[in-house]
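1. The sequence and its predicted three-dimensional model are supplied below.
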Amino acid sequence: MPQLDDRKEPHSELAEGVSARVPTTDEVQIKTPEKICGMGHRKKRKEDPRFIQGKGNYVDDVKLPGMLYMDIVRSPYAHAKINSIDASAALEMDGVLAVITGEDLKAAGDLHWMPTLMSDTQMVLPIDKVVYYAQEICAVIATSRYIAADAIEQVYVDYEPLDAVVDPFEAMKDKVIVRDDKEKKTNHIWHWEAGDKAATDAVFKDAATVVKEKLYIPRIHVSSIETCGMVANYNKARSHMQIYMTSQAPHAHRTVFALVSGLPEHKIQIISPDIGGGFGGKVPVYPGYVICAVASLVTGKPVKWIEDRSENLQADSFARDYHIEAEMAADKNGKITGLRVKTLSDCGAADAAANPSKFPAGLYSICTGSYDMKAAHVEVDGVYTTKPPGGVAYRCSFRVTEAVHMIERMADIMAHQLGEDPADYRLKNFIRPDQFPYKSPTGWEYDSGNYEAALKKAMDMIDYRTLREEQKQKRAKGELMGIGISSFTEVVGAGPSKDYDILGIKMFDSAEIRIHPTGKAMARFGTKSQGQGHETTYAQIIAEELGLPSDDIEVEEGDTDTAPYGLGTYASRSTPTAGAAAVMASRKIKAKAKKIAAHLLEVGEGDLEWNIDRFEVKGSPDQAKTIQEIAFAAYTNHPQGMEAGLEAVDYYDPPNLTFPFGSYICVVDIDKGTGEVAIRRFVAVDDCGHIINPLIVEGQIHGGLTMGLAPALYEEIVYDENGQNLTGTLADYLVPTAVESPKWELGKTITPSPHHPIGAKGVGESPTVGAPPAIANAVVDALWHLGVRHIDIPITPPKVWKLLRDNGVTD
Amino acid sequence: MKLAGDYRFEAPIADVWKALLDPVVLAAVMPGCEKLELVDDTYVGDLNIKVGPVQGLFHGKVNLSDVEEERGYTMKVDGRGAPGFVKATAAVKLTPEGDETKMEYDADAQVGGRIASVGQRLIDASAKAIIKESLEGLNANVKARANVAEGEVAEVIKASQTQFATKVAKEVAKDLIPPPARVALIVLALVGVGAVIYLLLR
């Protein structure tokens, strides 16, 4: 459990003058003129000209001379013994150079197993048995992609099918053991608790009302437009491995590769070029990456591996898959007093979740959400099943989506149960603005918030009370209309190094800024954009701090040979960590710039003050040196005894996480004949602290809301009882497009983070986290009077239709 | 996947029974069958199966058990190939109905691999079409044999892949489109195809 109060805050001096109880506004601050384009400007994304012209450079665009291609033979069984692999027919084909099996990897130094990010183990290629459908069996290396694809059909694998175990509750009975490689013959992996059990039990004993519900948050897939892939290029003469890879965390991956392969880390270069969507799916190391790198080592030639869509959907890390049993207690006034949660986490065949290592269930214990309550207790158990491994955060911060869905559903159920309006009920139970910084019953310290302001704004925007009137009238006529609210609290920006790491590497992040003599700059980061617009956002942060026009700043990420070490982009951590590092590095530069300006103006440093892009002599603003003049002087006329140049690096270790929040209201109409849910309106009020670029923030929210709509109504990975994936194409795994997306109506409040140097919090994932319960709550709200208490997402027409039929609404 | 149904052969039970055990006839009537041999008590063969976008060669074994002369048997199918696997058990029962023979079948099949995950929506329709096509082919062969004069050998009538594809399409249409709309849609589709051909030729 995180202990956040006794931490020494490395950047606590930054918080000076910013009280923890920060005022909430709704105006974006703009301090710089248009030509500098610092924070708050609606600057169009610098990266878009190349993307919209088809001039991006993705891994599959990389073409190296003499490059070979890899394709992978995958298991048709979820659980089977491998008796033999006969690759002779494939090897006889023209253009086939090698077939790599588990035995080959074993011979190459036990590379047939690898560690997962949760310090579990996972097969790269199996020796004797497979544990999930579509598991990698062996790989064919050929001179063309087409030959490789034909050749995998010529590999004959003799399997002996074993019983699959697909249901995690069945798996807990240990009748079929998934991982018989382990010493303990059990499928149970770990048990984890947070909060105070005794205090929670006491609260439940005294409760006036208790509501209970079972919720399933289904297994889903990020299904980014670009699938995963790699070009590995081993240069034998230099003993150097160059890797182009779809990676959200290139530095961490380099270290993992070095540790696994034994290659020295300085001889490994990982380049993560343009990435077509990550959403957590490009954080793990997949077996394909390791095999591809080995293939290049073995052949001494560049080898390319690119997954096809079905491989991506079937074998890459899934997200969610939480079976939750929740209870909420309230006192006689309806005030929420406690929360008790038991959860089974279906991990698949390995615990390959992408969580900080202290947190097997991620940040799930944030599940008391936006509500002030006395006590909470959360238990989670991880279990193996014969399904693909994973547990990545589908555009969210380590299991916060599961937590938010549960608490927002439970709060809604409680409000309905008590006969209270769900909006008024939330207003009554929110953590009040004067309670921040707020210590939650499970140990979190929320940095700042004003939940009332966000919900009231959303209610005004959608005209909530009028909608409730309309709903009454419609219900009298037998029409089904529902209004759903979600007032979520996110927890992002991992994280303080005391608690957060990946395989032991602390979750700081970095920025390096170099200002050239002509006043133009190069900035490199340890993060990696996958569509977030870092090239624009980071430039605006530096422009704000140093007064350099953001167009004069080139932002580069993703090449481990040039970028400073960092932990990458996921969990909405880029702005909270690397964004803060950009500020800190800028301030280091500014400190040196002040010395140079004092030298040039022949005054003392104390006589100077900063004004947007220059140092001025106090009371005599005509006497000034702009940042460009100072940069030129840093290389041509710097003070005696001072180092030349104008550059700085910063590794930022945040003192706390940030806690963005928001209130979403969704209005749905339900077709009584078909059970189809139509979203009539969706208002989203987000508070992500200070906004760097409103245009990018709005774009992030649009995308995030659509990815919240996805699991609410459409997406689910489905398996049959034999562990066969039934949703292996985009015809079966339904991803919403512009056609299905409603008009998103956006609003904002601004409650800055008191500990972040520019008061920003991060926003990319809030809408994905907050949207599903708003939609689910709206559907249940429409059906509550029929006796419906809960519907698991995705809320598909057949599910709703069945409820309508069972309740006599339709036949 | 459960597949059950019946079929009426226009031939006496003895002829049907003989054909049902003859690998040459069976190979001819099963769509996509490239080879079928009787090795000891097991039929071994290769079947080229196409389900929607997935196609590929399955190597399979068929075992007959509970064989009751001219009454029926239980068939166990174990097919594997690059696109996946098929495992099925089918009970086949024959009963004489005058000069004709009624066959009832009840099968439980498990399909896995790419053919199931990618071709999932079409598997039912394809399986039904494969069975229908095979039985119709068998019927044609049995009838042809009955009409051949004593001492002569009947030519084996082979299945056509085009006919098979048409049948799959029909089965899919049956599953997806209600009957009244189906006729209208087929007419519309024909008109559409006609219009395209007309425009291309003009």
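-> Perfect, I can see it now. Residues are numbered from 1 along each chain as shown, chains lettered A, B, ... in the order given.
2. show me what contacts the residue nearest to A:Glu103 when sequence neighbours are not counted?
-> Closest residue to A:Glu103 apart from its sequence neighbours, by CB to CB, 6 or more residues apart in numbering or on different chains: A:Ile127 at 6.4 Å. Just so you know, the C-beta spots here come from the backbone N, C-alpha and C atoms, and that holds for glycine as well. A:Ile127 makes contacts with A:82, A:102-103, A:106, A:112, as judged by CB atoms under 8 Å, 6 or more residues apart in numbering or on different chains.
3. Can you name the next helix or strand after the helix or strand of chain A with the lowest mean pLDDT?
-> When the helices and strands of chain A are compared on mean pLDDT, DSSP states H and E, strand A:501-502 comes out lowest with a mean of 88. Tracing the chain past strand A:501-502, the next element assigned as helix or strand by DSSP states H and E is strand A:505-506.
4. what's that following strand in contact with?
-> A:252, A:255, A:497, A:500, A:567, A:653.
5. related to what we said a few turns ago, mind listing which of the contacts of A:Ile127 are in helices?
-> Taking DSSP state H, the ones among the contacts of A:Ile127 that sit in helices are A:102-103, A:106.
6. List only those of these flagged as buried.
-> Buried residues within these, counting neighbours by 16 or more other CB atoms under 10 Å in any protein chain shown: A:Gly102.
7. With respect to chain B, which of the contacts of strand A:505-506 is nearest?
-> In terms of CB to the nearest CB, no member of the contacts of strand A:505-506 lies closer to chain B than A:Ala252, at 31.6 Å.
8. give me the low-pLDDT residue ranges for the stretch 351-500 of chain A?
-> Scanning the stretch 351-500 of chain A for pLDDT under 70 picks out no residues.
9. how about the helices of it, start to end?
-> Ranges of helices in the stretch 351-500 of chain A, per DSSP state H, counting those that start in this stretch, are A:400-417, A:422-429, A:451-462, A:464-476.
10. Show me what the longest one is packed against.
-> Which is helix A:400-417. Here helix A:400-417 touches strand A:209-220, strand A:319-330, strand A:336-348, helix A:422-429, strand A:480-489, helix A:766-783, going by 3 or more CB pairs under 8 Å, 6 or more residues apart in numbering or on different chains; DSSP states H and E.
11. From one end of stretch A:510-529 to the other, what's the distance?
-> Terminal residues of stretch A:510-529 are spaced 14 Å apart (CA to CA, to the nearest Å).
12. what's the average pLDDT for that stretch?
-> Across stretch A:510-529, pLDDT averages out at 98.
13. And that stretch, what's buried?
-> In stretch A:510-529, counting by 16+ other CB under 10 Å, buried: A:510-516, A:519-521, A:523-529.
14. What is the neighbour count of the closest residue in space to A:Arg42 that isn't next to it in sequence?
-> Leaving aside its chain neighbours, A:Arg42 sits nearest to A:Leu695 (4.2 Å; criterion: CB to CB, 6+ apart). The number of residues packed near A:Leu695 is 15, by other CB atoms under 10 Å in any protein chain shown.
15. Next: A:Met459.
-> 20.
16. Low-confidence stretches in the chain?
-> All of this refers to chain A. Those would be A:1-21, if you go by pLDDT under 70 across chain A.
17. The chain in question should be chain B.
-> Across chain B, the ranges flagged by pLDDT under 70 are B:149-151, B:153-154, B:159-165, B:168, B:172-186, B:199-202.
18. Please name every helix or strand in contact with the longest helix seen in it.
-> Counting residues, the longest helix found in chain B (DSSP H) is helix B:120-147. Contacts defined by 3+ CB pairs under 8 Å, 6+ apart place helix B:120-147 against strand B:2-9, helix B:13-20, helix B:23-29, strand B:42-51, strand B:100-112, helix B:161-176.
19. So for A:Lys184, which of these sits nearest?
-> strand B:100-112 (29.7 Å; CB to CB).
20. per the record, what domains does chain A have?
-> A:31-57+A:509-652, A:62-162+A:226-276+A:282-315, A:402-494+A:656-804 (automatic domain parsing).
21. Any idea how far apart the tips of the last one sit?
-> Distances were taken as CA to CA; on that basis the terminal residues of domain A:402-494+A:656-804 are 27 Å apart.
22. Ok, stretch A:804-811 next?
-> 8 Å.
23. part of a strand, is B:Val67?
-> Yes: applying DSSP: H, G, I helix; E, B strand; the rest coil, one finds B:Val67 inside a strand.
24. Let me see the contact set for the residue lying closest to it once chain neighbours are set aside.
-> Spatial nearest neighbour of B:Val67, excluding adjacent residues (CB to CB, 6+ apart): B:Tyr73 at 4.4 Å. For B:Tyr73, the contacting residues are B:64-67, B:92, by CB under 8 Å, 6+ apart.
25. which two in the residues you listed are spaced the farthest apart?
-> B:Ser65 and B:Val92 (11.3 Å).
26. ok, these two, which is more surrounded?
-> B:Val92 (17 against 10).
27. Measure how far the helix or strand where the more buried one lies is from the centre of its chain, please.
-> Per DSSP H and E, B:Val92 falls inside strand B:84-97. Taking CA atoms, centre = their mean, to the nearest Å, one finds strand B:84-97 lying 11 Å from the centre of the chain it belongs to.
28. Run a quick neighbour tally on A:Asp110.
-> Neighbour number of A:Asp110 under other CB under 10 Å is 11.
29. any idea how far it lies from A:Gly262?
-> Per CB to CB, to the nearest Å, A:Asp110 is found 10 Å from A:Gly262.
30. go on, A:Ala198?
-> 49 Å.
31. Do a quick rundown of the strands in the stretch 201-350 of chain A.
-> Secondary structure of the stretch 201-350 of chain A, counting by DSSP state E, counting those that start in this stretch: strands at A:209-220, A:229-235, A:240-245, A:268-271, A:303-306, A:319-330, A:336-348.
32. looking at those, which is closest to chain B?
-> So among these, strand A:209-220 is nearest, using CB to the nearest CB, at 14.7 Å.
33. No further questions, thank you.
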